[in-house]
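S.K.: predicted structure and sequence below. I'll ask about it afterward.
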Amino acid sequence: MSTATKSAPTALYTAEEYAALPDDGRLTELVKGEIVEMPSPTPSHGYVCGNIYWAVRSYVQPRDLGRVVTNDSGVITERGPDTMRGPDVAFYSYDRVPRGPLPAGYWPAPELAVEVRSPSERTSNVLAKVSEYLAAGVTEVWLVEPADTTVMVYSEEFNRAFGLGDEVTSPKLFPDLRIPVRSLFE
């Protein structure tokens with residue numbers, strides 16, 4: 001006779017229940033209703049994220065285009081069960097998040113989501129995030145690869161790679177934006 005017992009099923013959280021949980025100091029995402037712990041980023045990860053935020057915000061702010069956020073601000077990418085991802089940097093036009101006081105709770109999908117790949121992240125997991133963002137209504141996803149100093153830009157219309165000697169462009173979102181890839185890593 002077997003003594004093995006079935007464990008109780010894991011409770012699935014909605015994005016709203018997840019947001020209401022107390023902050024226990026862990027970095028997590030909600031994936032298909034389950035809380036998944038993420039590794040703490042390294043200082044170099046934070047440095048690259050800061051450079052991206054600065055470059056995008058420096059373009060957006062003087063043109064009064066919208067809001068740029070950072071620090072894994074939640075984006076709901078799937079419902080039933082819910083998935084909530086935290087892009088490293090995101091841009092919301094005033095069409096999606098109007099001027100005025102910041103709305104409470106999660107905002108709609110941003111136009112731009114930027115993921116800076118951590119050394120521990122598997123390619124399949126990162127590409128799954130890219131697909132989720134696009135399916136949720138994100139216009140462009142930038143996947144920044146510090147290991148090979150590249151930026152991949154994904155959208156429904158195209159995928160483009162930018163290397164160390166190139167400038168990242170985003171004609172649909174930011175017609176005259178030009179960010180030297182090198183500046184993101186130096």
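M.R.: Perfect, I can see it now.

S.K.: now the longest helix anywhere in the chain, how far from the chain's geometric center?
M.R.: The longest helix of the chain (DSSP state H) is helix 43-63. With C-alpha atoms, centre = their mean, to the nearest Å as the basis, helix 43-63 stands 13 Å off its chain's centre.

S.K.: check contacts around residue 50.
M.R.: residue 70 (C-beta atoms under 8 Å, 6 or more residues apart in numbering). The C-beta positions use only the backbone N, C-alpha and C, and glycine is treated the same way.

S.K.: where's it relative to residue 88, distance?
M.R.: 10 Å (C-beta to C-beta, to the nearest Å).

S.K.: mutual contacts of these two, please.
M.R.: Listed as contacting both residue 50 and residue 88 by C-beta under 8 Å, 6+ apart are residue 70.

S.K.: now residue 119: phi and psi?
M.R.: Main-chain dihedrals, residue 119, degrees, to the nearest 10: phi -60, psi -30.

S.K.: wait, it sits on residue 126?
M.R.: No - using C-beta atoms under 8 Å, residue 119 makes no contact with residue 126, being 11.5 Å away.

S.K.: so these two - more neighbours on which side?
M.R.: For the pair residue 119 and residue 126, the greater number of neighbours falls to residue 126 (15 against 10), based on other C-beta atoms under 10 Å.

S.K.: the closest residue to the more buried one other than its chain neighbours: neighbour count?
M.R.: Of all residues not flanking residue 126 in the chain, residue 117 sits nearest, at 5.5 Å (C-beta to C-beta, 6 or more residues apart in numbering). Per other C-beta under 10 Å, the neighbour tally for residue 117 reads 22.

S.K.: what's residue 117 in contact with, if anything?
M.R.: 126, 143, 144, 145, 146, 147 are the contacts of residue 117 under C-beta under 8 Å, 6+ apart.

S.K.: how much space between it and residue 142?
M.R.: 11 Å.

S.K.: residue ranges for the helices of the chain, please.
M.R.: 15-20, 43-63, 123-135, 181-185.

S.K.: show residues contacting the first one.
M.R.: Going back to what we said before, that points to helix 15-20. 30, 35, 74, 76, 79, 82, 84, 105, 106.

S.K.: give me that answer again for 7 Å
M.R.: 30, 35, 74, 76, 82, 84, 105, 106 (C-beta atoms under 7 Å, 6 or more residues apart in numbering).

S.K.: how close does the residue most central in space within the chain sit to residue 167?
M.R.: The centre of the chain sits closest to residue 87, judged by C-alpha atoms, centre = their mean, with a distance of 1.7 Å. Shown here: residue 87 relative to residue 167, a distance of 21 Å by C-beta to C-beta.
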